[in-house]
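A.B. asks: got a sequence here, can you model it:
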Amino acid sequence: MTPELTALTLAALLQVVQYFLFAIPANRELGMGYTSSARDKPPSRQMSPVTGRLQRAMNNHFEGLIFFTIAVLVVTLGQQSTGVTQAAAWVYLAARIAYVPAYALGLRPRRSAIWFVGFLATLTLLIAALI
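C.D. replies: Residues are numbered from 1 along each chain as shown. Presented below is the predicted three-dimensional model:
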């Protein structure tokens, strides 16, 4: 497995961890009755600010993971793996790991800067695949 694919696999596992980091407190705060329902109506209780941030961080990673997956697949299938693409994949993963507590703790503007590092890493992969 290429280093880029390893980083992608770990990023997918990070998504699983983020799901649990959000789902456990959400179930406690909203109740299993609501979270196991079709959620046709808004919840009668609100999530705490931290749980809401964990949900947004999880959703943000779903969005970023789409682009990162495309970038890794293009690099891998195009046999364009280099030291630059490998480093970019690890930088993306490190940024996404750092993003979770930064978002949960409301660290702004650092959270946005961390997000941007991950975005630039993905962009680096895409551009490197074309060169």
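A.B. asks: output the contacting helices and strands for the helix or strand hosting residue 6.
C.D. replies: Using DSSP states H and E, residue 6 falls within helix 3-30. When contacts are defined as 3 or more C-beta pairs under 8 Å, 6 or more residues apart in numbering; DSSP states H and E, helix 3-30 sits against helix 32-35, helix 49-77, helix 83-104. C-beta coordinates here come from the backbone N, C-alpha and C atoms, glycine included.
A.B. asks: for it, buried residues please.
C.D. replies: 4, 7-8, 11, 14, 18, 21-22, 25-26, 29-30 (16 or more other C-beta atoms under 10 Å).
A.B. asks: tell me how far the residue located most distally from the centre of the chain lies from residue 56.
C.D. replies: Distance from the centre of the chain peaks at residue 44, with 28.5 Å (C-alpha atoms, centre = their mean). Distance, residue 44 to residue 56, using C-beta to C-beta, to the nearest Å: 21 Å.
A.B. asks: any idea how far the helix or strand of the chain with the lowest mean pLDDT is from the chain center?
C.D. replies: Every helix and strand of the chain was ranked by mean pLDDT, DSSP states H and E. The lowest is helix 32-35, at a mean of 76. Relative to its chain's centre, helix 32-35 lies at 25 Å (C-alpha atoms, centre = their mean, to the nearest Å).
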